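A.B. asks: fold the following for me, if possible:
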Amino acid sequence: MKRVGNIYQRVVHIQNIECAFNEVMKTTRNKNKVILFDDYKMVYIYRIYKDMLNFTYLPSLVNEFIIYEPKKRLIVSQNIYDKVINHLVSRELLIPYLTPCLIDSNVASRKGRGTSYGRKLYFQYRNIMNQKYSKYYLLKIDIHGYFRHIKHDILKEKIRGKIKDRRAIDLIFKIIDSYQNGCPIGFMTSQIFAIFYLNDIDHFIKEELKIKYYIRYQDDFLLIHEDKQYLKKCLDKIKIKLAEIGLEVNDKTRIYKNNENMNFIGVRKNKKFSNRHRTIKKVNQRIKLYKENKVTFSSIISSVSYLERGEFQ
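C.D. replies: Predicted structure coming up:
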């Protein structure tokens, strides 16, 4: 794919700005803010238009908070004005010009894919391998602190390889540099950066390591092959490639036999969505967090409902 230029005008377009604004309004939980911004909708849209036209946009300070479900994470939240611009840049610059080079089995944060498509591929690949082999292996790779360890300089160089419009690059880089380390969970742009950052490794796995049955969901990799020793060699080579871009695998990385139960994108080999004992443990954890005012009561109810539906082993 050739580098693209003359694309900045996509963000200096009232209709595109309005679409991003409407999208953010639908997904913003703070309804008081929604009402305030909606009342002055065209004023804010015009301000964004002028910021884009005059190259005067500067990201504001962010709000940081911790969530505890499904696991403890630092989340970064933008104000609505910045969030609209973040969505605008994602929709008009990043998705059209960074995602076409991605492989089909890179399934996160893309229209027509997502967890359901990833699960479909997972069971499809396992069915094929079950028909071919009585024994095969699955290499599951998980990256240590993926989002916070994405290197800005490396990410920028990868983006320069796809986009040559200086104005578009400057705007994208302002968003990247608005956070000191890595890419903050909570930005729409971060989701696109995360699926794009590992693209070269995806192609390396598919085209040089010749792994036919491969899926990636953000920082979760799955390689399926009949030869365990070959998967070990693949892991060693992937670790080297990851180190080149400032990443390393965590201790959840391992090779499974085909008859072992493993969890990938929330499912196991028998198509069950969770383990009964783990789910009960999660309910108890949420009750404890609720008493500490760290989660809502509805999160406990959702866990109990999950048990009642029988979605466990």
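A.B. asks: contacts only, for the closest residue to Met188 other than its chain neighbours.
C.D. replies: Residue nearest to Met188 in three dimensions, not counting chain neighbours: Ser90, with 4.5 Å by Cβ to Cβ, 6 or more residues apart in numbering. Glycine gets a C-beta too; all of them are placed from N, C-alpha and C. Applying Cβ atoms under 8 Å, 6 or more residues apart in numbering, we find Ser90 in contact with Met188, Thr189, Gln191, Ile192.
A.B. asks: pLDDT weak spots in the stretch 1-150 of the chain?
C.D. replies: 1, 62, 64-65, 67-77 (pLDDT under 70).
A.B. asks: pretty sure Leu235 contacts Leu139?
C.D. replies: Yes - Leu235 is in contact with Leu139 according to Cβ atoms under 8 Å; the separation is 6.0 Å.
A.B. asks: any buried residues in stretch 135-147, and which?
C.D. replies: If you call a residue buried by 16 or more other Cβ atoms under 10 Å, then stretch 135-147 has these buried ones: Tyr136, Tyr137, Leu138, Leu139, Lys140, Ile141, Ile143, Tyr146, Phe147.
A.B. asks: make that stretch 110-122, sorry
C.D. replies: Quick answer for stretch 110-122 (16+ other Cβ under 10 Å): Arg110, Arg113, Tyr117, Gly118, Arg119, Leu121, Tyr122.
A.B. asks: could you export stretch 144-158 as CSV, CA atoms only?
C.D. replies: C-alpha atoms of stretch 144-158 as CSV (Å, rounded to 0.1, in the frame of the first residue of the first chain):
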residue,chain,number,x,y,z
HIS,A,144,3.2,-7.6,29.4
GLY,A,145,1.4,-4.2,29.8
TYR,A,146,0.8,-3.8,26.1
PHE,A,147,-0.8,-0.4,25.9
ARG,A,148,1.5,1.3,28.3
HIS,A,149,4.6,0.0,26.6
ILE,A,150,3.8,1.1,23.1
LYS,A,151,6.7,3.3,22.1
HIS,A,152,5.8,6.7,20.7
ASP,A,153,8.8,7.0,18.4
ILE,A,154,8.3,3.5,16.9
LEU,A,155,4.5,4.1,16.5
LYS,A,156,5.2,7.4,14.8
GLU,A,157,7.7,5.8,12.4
LYS,A,158,5.1,3.2,11.4
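A.B. asks: pull the longest helix from the protein.
C.D. replies: helix 114-132 (DSSP state H).
A.B. asks: and which of the buried residues of stretch 110-122 is nearest Leu102?
C.D. replies: The closest of those to Leu102 turns out to be Arg110 (Cβ to Cβ; 7.3 Å).
A.B. asks: hang on, the earlier thing: among the contacts of Ser90, which lie within helices?
C.D. replies: Short answer: these in helices (DSSP H) are Met188, Thr189, Gln191, Ile192.
A.B. asks: can you tell me which residues contact the second one?
C.D. replies: Thr189 sits next to Asn86, Val89, Ser90, Leu94, Ile172, Ile175, Ile176, Cys183 when contact means Cβ under 8 Å, 6+ apart.
A.B. asks: any idea how far it is from Ile159?
C.D. replies: 11 Å (Cβ to Cβ, to the nearest Å).
A.B. asks: need the overlap of contacts for these two.
C.D. replies: Ile172.
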